[in-house]
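Colleague: show me how the following folds:
(2 chains)
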Amino acid sequence: QQQVKQSPQSLIVQKGGISIINCAYENTAFDYFPWYQQFPGKGPALLIAIRPDVSEKKEGRFTISFNKSAKQFSLHIMDSQPGDSATYFCAASVQGGKLIFGQGTELSVKP
Amino acid sequence: DAGITQSPRHKVTETGTPVTLRCHQTENHRYMYWYRQDPGHGLRLIHYSYGVKDTDKGEVSDGYSVSRSKTEDFLLTLESATSSQTSVYFCAISAQDTQYFGPGTRLTVL
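Modeller: This next block holds a predicted model:
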């Protein structure tokens, strides 16, 4: 019940395209859903986060869509750029407690 | 990096030897975490601390111990390293529901 399942494991997108990464969870007590971006040799860095009282949050080219009834949330990267090539992790937590991470998605944006 | 440093950044050791990894923060955060990152598993919590001398186990704590004698330092110890502990280890702090990660330590156990 504590798991967060992330898909796909890897993703190749052409420059200018839309990258979509999906996550699903079971624990309905989760109330904080962040996405992290990680470049090779670096630690994960917070990209964008959402709480379940909204269905969508947008920051620049990055959008989180949240479907509470389906217990799913997704990251959309619009106009994907080669500089977006990185590993992306979704996560979830209850009241600011321990984060449960998805397995990660390796995104490659081809020029 | 939210004022987080990890040392060493790289280490190669042999099976059966003790290893200690250090996480240092400069911003006086109460919560600190140790994760390991392995392909296909994402980030898995090893141990965490909610104050000086207050620690608890995470998802994959077997074979690891931690100590926190000062707010700024959180140590992870492998008492007798095994090859299955070859991994990249990340320290994190928590601030306003968000975790901020250090640069990581790549540990290889031969």
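Colleague: quick check: the gap between whichever residue of chain B sits closest to chain A and A:Ala70.
Modeller: At 3.5 Å from chain A, B:Phe101 is the closest residue in chain B, using C-beta to the nearest C-beta. C-beta coordinates here come from the backbone N, C-alpha and C atoms, glycine included. Distance, B:Phe101 to A:Ala70, by C-beta to C-beta, to the nearest Å: 29 Å.
Colleague: before we move on, what about A:Glu106?
Modeller: For A:Glu106, the distance to A:Ala70 - C-beta to C-beta - is 25 Å.
Colleague: who has more neighbours out of these two?
Modeller: A:Glu106 (15 against 8; other C-beta atoms under 10 Å in any protein chain shown).
Colleague: same for whatever helix or strand that one lives in, what does it pack against?
Modeller: Assigned by DSSP states H and E, A:Glu106 falls within strand A:105-110. If contacts are counted by 3 or more C-beta pairs under 8 Å, 6 or more residues apart in numbering or on different chains; DSSP states H and E, strand A:105-110 sits against strand A:10-14, strand A:19-25, strand A:86-92.
Colleague: A:Pro34 is in contact with the residue of chain B closest to chain A, correct?
Modeller: No. Contact criterion C-beta atoms under 8 Å: B:Phe101 and A:Pro34 do not qualify, at 11.7 Å.
Colleague: chain A contacts on chain B?
Modeller: Counting by C-beta under 8 Å from any C-beta of the partner chain, the residues of chain B close to chain A are B:1, B:4, B:33, B:40-45, B:48, B:58, B:90, B:92, B:94, B:96-104.
Colleague: which residues touch residue 41?
Modeller: Since you didn't name a chain, this refers to chain A. B:Gly104 (C-beta atoms under 8 Å, 6 or more residues apart in numbering or on different chains).
Colleague: oops, chain B please
Modeller: Here B:His41 is in contact with A:Gln103 (C-beta under 8 Å, 6+ apart).
Colleague: next one: A:Lys68
Modeller: A:Lys68 sits next to A:52, A:55 when contact means C-beta under 8 Å, 6+ apart.
Colleague: next, it: phi, psi?
Modeller: A:Lys68 has phi and psi values of phi -70, psi -40 when expressed as degrees, to the nearest 10.
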